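**Student:** Any chance you could fold what I've pasted below:
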Amino acid sequence: MGSYSATAIGPHPNDVDRKRIERMLAQRKRYRYVAPEVSAVAGGYRVRSPCCSRNVDRSGGMIDIARMEYDLRRRLWRLYRKDHRNDQWLACGEFATLAESVQQLNQDPERIFWQ
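**Tutor:** Next comes the predicted model:
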């Protein structure tokens, strides 16, 4: 899967789904003691969080965790992780629903999102 690219304008972002993502993130497995932020971006949403591990930002500042983008043409969600070393978004999967996308982010079995 390649790096991030913009998609056609569609139903996302919207405030209802942004708040749904915020609520679903409360179920994540890692770094439950920090408060991630969900913001609207072209075609989807971006998740940022304080870097409590200090692996990415030694000062503990806000870092990108994930990006969810809706593909209107294919009617699916793409989930991206941030490659902090190269400062680019990398595609991690495609999902039929927003909830499935957030579930993958919450479980993060390979620790590629919550570093």
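**Student:** contacts, neighbours, all on C-alpha from now
**Tutor:** Will do.
**Student:** Tally up the residues packed near Ala96, please.
**Tutor:** Other residues lying near Ala96 total 13 when counted by other Cα atoms under 10 Å.
**Student:** what's the answer for the one 10 residues further on, then?
**Tutor:** Here the neighbour count serves as a burial measure; for Asn106 (other Cα under 10 Å) it reads 18.
**Student:** Kindly indicate whether it is helix, strand or coil.
**Tutor:** On the three-state scheme (DSSP: H, G, I helix; E, B strand; the rest coil), Asn106 is labelled helix.
**Student:** Okay, and the beta partners of Leu90?
**Tutor:** In this structure, Leu90 has the following beta-bridge partners (DSSP bridges): Ser3, Arg81.
**Student:** Let me know the pLDDT of it.
**Tutor:** If you check Leu90, the pLDDT there is 97.
**Student:** Make sure it is actually in contact with Glu69.
**Tutor:** No - taking Cα atoms under 8 Å as the contact criterion, Leu90 and Glu69 are not neighbours in contact, 12.0 Å apart.
**Student:** of the two, who's got more company?
**Tutor:** Ranked by neighbour count (other Cα under 10 Å), Leu90 and Glu69 place Glu69 first, with 26 against 18.
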